[in-house]
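Engineer: Sequence isn't available, so here's the structure alone:
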């Protein structure tokens, strides 16, 4: 693990993209992304939102970053700064299935606020933070349909999984998608991850069934190596 967790803000740089925490100036572009039906071919376009509603969401995401609950991230073109998607880490959980924000709060309550050299401003010691290294995170992505078929999906997936596994020390990166989403299944096949595919209840929606992939570090290392050998590694 090379990156601190949790972070007040996240920034993942890939050759063509910057995947970062949201700021209120993203509200209009994010509203367009989420409300445009063409970006959501399997349903889920949010047609009843406004930039003001999205701005409120962004303001609420700030504490989620810092607490370790989740990290909703914006996908932007590195050269221009244009917002072309959103995604991030929909949750962070311990091996026991406890969300990391709850685990951190519990550690803080257990240790009290007596202070000491290893105690951060929020009252959580470095040892407590090490004990809640996230075991599982959940990857998500929505891309502007105008940027489909250009390799951005693979670049986002590789950038975020690499950060989660090598940076944060996650043992499992969960990826879920709709049963109808053949393009995303093709992305996973192209990365040598189709062997992880299972069909079952997904974590979003009510009683939804979809395709689930759980990427562990050894599998990811093998996928990375094969992609590099074939010249298809995007990072």
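Structural biologist: Here it is on my side, so go on. Keep in mind that what you see is a predicted model, and the values were worked out from it rather than measured.
Engineer: Which residue, other than its chain neighbours, is closest to residue 93?
Structural biologist: residue 136 (4.5 Å; Cβ to Cβ, 6 or more residues apart in numbering). (Each C-beta comes from the backbone N, C-alpha and C, glycine too.)
Engineer: Assign residue 92 to helix, strand or coil.
Structural biologist: Counting by DSSP: H, G, I helix; E, B strand; the rest coil, the backbone at residue 92 sits in strand.
Engineer: And the strands in the chain?
Structural biologist: For the chain, the strands defined by DSSP state E occupy 11-13, 17-21, 71-77, 83-93, 136-143, 172-178, 198-201, 209-215.
Engineer: Any regions of the protein where pLDDT drops low?
Structural biologist: Residues of the chain that meet the criterion pLDDT under 70 lie in 1, 113-132.
Engineer: how is it carved up into domains?
Structural biologist: 11-94+134-229, 103-133 (automatic domain parsing).
Engineer: Quick one, which of those domains gets closest to residue 4.
Structural biologist: domain 103-133 (7.5 Å; Cβ to Cβ).
Engineer: Can I get the strands of the chain in TSV including mean neighbour count and distance to residue 159?
Structural biologist: As requested, the strands of the chain are exported to TSV (neighbours: other Cβ atoms under 10 Å; distance: least, Cβ to Cβ, whole Å):
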stretch	mean neighbour count	distance to residue 159
strand 11-13	15	5
strand 17-21	20	6
strand 71-77	23	9
strand 83-93	22	10
strand 136-143	20	10
strand 172-178	21	12
strand 198-201	10	24
strand 209-215	19	14
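Engineer: Please produce a markdown table containing those, extended by distance to residue 54.
Structural biologist: Below are the strands of the chain laid out as a markdown table (distance: least, Cβ to Cβ, whole Å):
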| stretch | distance to residue 54 |
| --- | --- |
| strand 11-13 | 20 |
| strand 17-21 | 14 |
| strand 71-77 | 11 |
| strand 83-93 | 10 |
| strand 136-143 | 13 |
| strand 172-178 | 23 |
| strand 198-201 | 29 |
| strand 209-215 | 26 |
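Engineer: Which of the residues in the helix ranked longest in the chain are classified as buried?
Structural biologist: In the chain, with assignment by DSSP state H, the single longest helix is helix 51-67. Residues 54, 55, 58, 61, 64, 65, 66, 67 are the ones in helix 51-67 that count as buried (16 or more other Cβ atoms under 10 Å).
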